[in-house]
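> coords please:
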Amino acid sequence: MIEAQDLTKRYGSKTAVDAVSFTVEPGTVTGFLGPNGAGKSTTMRMIVGLDRPTAGSVSVNGKRYANHHSPLNEVGVLLDAKAVHSGRTARSHLRTMAATHGIPAKRVDEVIDMTGLSGVARKRVGGFSLGMGQRLGIASAMLGDPKTLILDEPVNGLDPEGVQWVRQLVKYLAGEGRTIFLSSHLMSEMALTADRLLVIGRGRIITSGPVQDVIDSVSRTTVRVRSPQASELAELLRSSGGATITPGGDGVLDVHDVTAEQVGETAAARGIVLHELTPQRGSLEEAYMTLTQDEVEFRSEPTGDQEANR
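Residues are numbered from 1 along each chain as shown. The predicted structure is shown next:
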C-alpha cells in the first residue's frame, strides 16, 4: 500500500507537487495520469526517497521507503530504464543488484526468463533497443519479488506483444494482492489495464476512482438509436423525457441525457420500431482530455498552415 498525506515538493518558487493526499490499495492496478509537468515523476520519486518532500509524508507498506530494512523486497521501481551502465550485460547488472541486496542468484535467472531477456542476457546493455531496455528495467523492479511495484511508463518502446505482456503481468501481480502503481501516456492501454485512476494536473489531484466512474463523471449519457420512425421518436423523447437529440441521417439519432431503458420504453409504448438501441460510453482519452484541458503546462499552438486550413 502507498499512502501520501499532504505531500508537497517545491523547487524554489515553483511548486511541482501541491499538498496531494491519496492511497494506492493492494490488489489493484492504479493508473497515474497527468500532462507533462503535472508532477507524476516527482511524486513517484518522493515515494521511493529519491526526492525529499518539502512538506507532508508518504509511506510504502506502512513505512517511509528509507526505513525499510530490505527495500527491494518491499518496492520494485522503474523510473528510468536508461539508468544502467551501458558496458554491463543484463545478467551482470541484475547479479550485481542481487548481490548487494542479499537476493539469491537463482532469482536473477527467474526474472530474466520472466521478462523475455534470455536471448540477450549476455549482451551489453548499450546495444539494447528501447523495448529491451524497458524489459530490463522491469526485471530490475521485480528482482526482490516486491509487495509493491511502481512503474513509470513501463510500455514505452515495447511492441504490441510486449505491451500485452506488461498488461497481463501487472494484472497477475495485482491478483496476488500486490500494490501496482503505474503511469502511461497510452490512454487505450490504461483503460484496459488499470482498475483505478489517479489524475494529477499542475501538482494537484484532479480526480480519482474506478476507471469507469472517472469516465462517467465527465461524459454525457448518450444512446445511439436507429429507427424508420426516427422523427416521431425524437419528438416524443424531447417532449416526454427532456432529451437532447442529434440527428445523424438514415434514421439514426444520438440521444443525450436519457438512458437506453427510457428510450426503449418510450418507443415500445407508442409502437415505434427500433433497429438499433446502443448505449454509448465515453472513452478514457476523451475523459482525460476534458479533465486536464485547463491543467496543461506546455500547450502546442497551430502552425500557420494549420491555421489556414481551419
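
> Would you list the phi and psi of residue 282?
As for residue 282, its main-chain torsions (degrees, to the nearest 10) stand at phi -70, psi 160.

> remind me which residues of this protein are low pLDDT?
Applying pLDDT under 70 to the chain flags residues 241, 295-310.

> what about the strands in it?
2-11, 14-24, 29-33, 55-60, 75-78, 148-152, 179-183, 196-201, 204-210, 222-226, 244-249, 252-256, 276-280 (DSSP state E).

> out of the ones you listed, which comes closest to residue 106?
strand 75-78 (17.6 Å; Cβ to Cβ). Placement of C-beta: from N, CA and C, glycine included.

> Tell me what residue 253 is bridged to.
Beta-bridge pairing of residue 253 under DSSP bridges involves residue 225, residue 247.

> Number of residues surrounding it?
For residue 253, the tally of surrounding residues (other Cβ atoms under 10 Å) stands at 23.

> Check the gap between it and residue 60 for me.
According to Cβ to Cβ, to the nearest Å, residue 253 and residue 60 sit 51 Å apart.

> what do you get for residue 8?
18 Å.

> With neighbour numbers in mind, choose between the two.
Taking neighbours as other Cβ under 10 Å, residue 8 and residue 60 compare with residue 60 leading, 26 against 18.

> give the contact list for the more buried one.
Residues near residue 60 by Cβ atoms under 8 Å, 6 or more residues apart in numbering: 1, 2, 47, 48, 68, 74, 75, 148.

> Kindly indicate the member of those with the most neighbours.
residue 47 (26 neighbours).

> burial of the nearest residue to it once chain neighbours are set aside, as a residue count?
Excluding the flanking residues, the one nearest residue 47 by Cβ to Cβ, 6 or more residues apart in numbering is residue 58, at 5.3 Å. By other Cβ under 10 Å, 22 other residues sit near residue 58.

> partner residues bridging residue 58?
residue 4.

> Pull the CA coordinates from stretch 243-261 and hand them back as CSV.
What follows is stretch 243-261, C-alpha atoms only, in CSV (Å, rounded to 0.1, in the frame of the first residue of the first chain):
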residue,chain,number,x,y,z
ALA,A,243,-33.8,14.5,-24.1
THR,A,244,-31.4,16.4,-26.4
ILE,A,245,-31.3,14.9,-29.9
THR,A,246,-28.6,15.0,-32.5
PRO,A,247,-29.9,13.6,-35.9
GLY,A,248,-27.4,11.5,-37.8
GLY,A,249,-29.3,10.8,-41.1
ASP,A,250,-30.7,7.5,-42.3
GLY,A,251,-32.9,7.2,-39.3
VAL,A,252,-30.0,7.5,-36.8
LEU,A,253,-30.4,9.6,-33.6
ASP,A,254,-27.8,10.3,-30.9
VAL,A,255,-30.0,10.8,-27.8
HIS,A,256,-28.4,12.6,-24.9
ASP,A,257,-29.4,12.8,-21.2
VAL,A,258,-31.7,9.8,-21.1
THR,A,259,-30.9,6.1,-20.6
ALA,A,260,-31.3,3.3,-23.2
GLU,A,261,-34.1,1.9,-21.0
